[in-house]
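[1] Give me coordinates for this.
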Amino acid sequence: METQSLLLFAIEQYNDVMELKYTGIILGKYDVGETDRMYIIYTKEAGKIRVLGKGVRRPNAKLAGHLEPVTLAEIFVARSRGVGKITGSIVLNNFARIKNNFNLLQKVFFALKIFEKLISDEEKDENIFVLVNNFLESLEKSWVNEEKIQLLALGFLFKLFSEAGYRLEMEKCVACGKKLKSGENYFSAEKGGVVCAICVKKERARVKIKDESIKLIRIFGKNKIENLAKLKVLPGDIKNLKTVIQEVLNWV
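    Residues are numbered from 1 along each chain as shown. So this is what the prediction gives:
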């Protein structure tokens, strides 16, 4: 009887295990225990997930090489209760050009770190998955200079804000509702957009936003990210867009 009970228990445990396959972009990783590693992955099927790589830090572990951050892969996961365990991985795009350019890789890590913090776990959104993948593919395929790298990263973040529910109002004043005019305009992260020169006196948190920055943010929202590298942008506009990004991040 005892042997039969153990056999039934083992069968039940086996039946509880689900074998899942994800298409995902590996965002990051951190060590747990002596030989294991936790991976943070944004998947097409389930949004952001955290899964365990058992024994991947052992010297002879082959799986670790297929699970590096900034990699698009098919990832196989066994899940019963709690955190799933990675059983296999097939690399679909290693983004080798990005990884071989230290400056570019640093900017990608910075953008993906912001992405990771903004997005909640296990909330499926295929549009966001496509956005992240297109961002990486655009940097991988295009021979871009420093200015274009920053432009694509900023465009990605502004598009991400909209997709994640932080859409910024760039067409009219968020205080009075009137259409924006060229000249003295300000950005308020608290209000979620641009404040005109008249209403700015009543607002607390605000920074000056250039007319060209307003135009660029509008362009970011209406165009695919792979088209943004064609834009010509002055260094001063890049700096102003970074200030706006920082204001949003501080508020969020």
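[2] Enumerate the beta-bridge partners assigned to A78.
    Taking DSSP bridges as the rule, A78 bridges to E19, K85.
[3] which ones are touching it?
    Residues in contact with A78, defined by C-beta atoms under 8 Å, 6 or more residues apart in numbering, are 17-20, 84-85, 87. The C-beta positions use only the backbone N, C-alpha and C, and glycine is treated the same way.
[4] Relative to A73, which of those is nearest.
    Nearest to A73 among the contacts of A78, counting by C-beta to C-beta, is T87 at 12.9 Å.
[5] starting at the chain centroid, how far to the helix or strand hosting the closest one?
    Using DSSP states H and E, T87 falls within strand 85-93. Relative to its chain's centre, strand 85-93 lies at 20 Å (C-alpha atoms, centre = their mean, to the nearest Å).
[6] Contacts for stretch 195-202, please.
    By C-beta under 8 Å, 6+ apart, stretch 195-202 touches 173-176, 178, 180-181, 183-188, 203, 206.
[7] and the helix or strand hosting R50, which residues are buried?
    When elements are assigned from DSSP H and E, R50 belongs to strand 47-53. Neighbour-count burial for strand 47-53 flags 47-49, 51-53 (criterion: 16 or more other C-beta atoms under 10 Å).
[8] counting contacts, what elements does it pack onto?
    strand 18-32, strand 36-43, strand 85-93 (3 or more C-beta pairs under 8 Å, 6 or more residues apart in numbering; DSSP states H and E).
[9] hey, C-alpha coordinates of that strand in PDB?
    Taking C-alpha atoms only, strand 47-53 is exported to PDB below (Å, rounded to 0.1, in the frame of the first residue of the first chain):
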ATOM      1  CA  GLY A  47       4.600  39.600 -20.500                       C
ATOM      2  CA  LYS A  48       7.400  40.000 -18.000                       C
ATOM      3  CA  ILE A  49       8.300  36.700 -16.200                       C
ATOM      4  CA  ARG A  50      10.900  35.600 -13.700                       C
ATOM      5  CA  VAL A  51      12.200  32.000 -14.200                       C
ATOM      6  CA  LEU A  52      15.000  30.000 -12.600                       C
ATOM      7  CA  GLY A  53      18.100  28.600 -14.300                       C
END
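[10] N127 reaches L160, doesn't it?
    No - with contact defined as C-beta atoms under 8 Å, N127 does not count as touching L160 (10.4 Å).
[11] More neighbours: which of those two?
    Each of N127 and L160 has its neighbours counted (other C-beta atoms under 10 Å); L160 has more, 20 against 9.
[12] How confident is the prediction for the residue nearest to the more buried one when sequence neighbours are not counted, by pLDDT?
    Closest residue to L160 apart from its sequence neighbours, by C-beta to C-beta, 6 or more residues apart in numbering: F115 at 6.1 Å. Looking at F115, its pLDDT stands at 94.
[13] ok, now V130?
    So, for V130, pLDDT stands at 96.
[14] ok, it - how many residues close by?
    14.
[15] Assign a three-state SS to it, would you?
    Taking DSSP: H, G, I helix; E, B strand; the rest coil as the rule, one finds V130 in the helix state.
[16] Roughly how far does it sit from L160?
    For V130, the distance to L160 (C-beta to C-beta, to the nearest Å) stands at 12 Å.
[17] can you check K113 too?
    12 Å.
[18] and if you look at I90?
    Computed as C-beta to C-beta, the I90 to L160 distance reads 27 Å.
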